[in-house]
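*Asks:* need coordinates for the below:
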Amino acid sequence: MKRTFLISAALLMATLSLSAQNEGERMGPPPQGDPSERIVKELKLDDATATKFNEVYKAYKEEEKALHPQRTQGEKPKNPEELSDAEIEQMILSNFDMQQKQLDLKRSYYPKWREFLTPGQIQKLYMMERPMGGRGHEGGRPRPPRNRGDNK
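*Replies:* I've put the predicted structure just below:
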């Protein structure tokens, strides 16, 4: 029973995460302007480097977008409680495949970024690209410890 609940919870979180990415939903107000302009400003790139960055970033985002399967309009994520173990397993394995493709894409673009960005700038780029809501804080700051009711 615990195992089924944990798998269902993990699957639900993964499904919600993917659906938010696919539909472009974000927590909080959307960033103002072109994201590449915001990144150029944050990384403090000069004009020549910004031009190179924008070319590579555009190609990177196009390839990244092609990785995400498009849901048909009106299609809702399935409730994990309504799925068989085989369907749940398939969803988990598909999620692993998607994560691997995303990692492979990042790995393939690292040498391209490295031609004109420092490792620190690349890390900052990755932190700015990281979706908000559960995968860490911008700038790599650790989360404050949670109070779990242990008042010792």
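
*Asks:* can we go C-alpha only for contacts and neighbour counts from here?
*Replies:* OK.

*Asks:* what's the helix ranked longest in the chain packed up against?
*Replies:* Counting residues, the longest helix found in the chain (DSSP state H) is helix 85-114. Helix 85-114 is packed against helix 2-23, helix 47-67, with contacts defined by 3 or more Cα pairs under 8 Å, 6 or more residues apart in numbering; DSSP states H and E.

*Asks:* between helix 47-67 and it, find me the angle.
*Replies:* 160 degrees (axes from the mean of the first three to the mean of the last three Cα atoms, to 10 degrees).

*Asks:* from here on, call the first residue 23.
*Replies:* Yes, from this point I'll number from 23; that puts the last item at helix 107-136.

*Asks:* next SSE downstream of helix 107-136?
*Replies:* helix 141-151 (DSSP states H and E).

*Asks:* now that following helix: mean pLDDT?
*Replies:* Across helix 141-151, pLDDT averages out at 93.

*Asks:* would you mind listing the buried residues in that helix?
*Replies:* By 16 or more other Cα atoms under 10 Å, the buried positions in helix 141-151 come out as 143-144, 146-147, 149-150.

*Asks:* between these, which sits nearest K134?
*Replies:* Checking these against K134 by Cα to Cα gives I144 as the nearest, at 10.5 Å.
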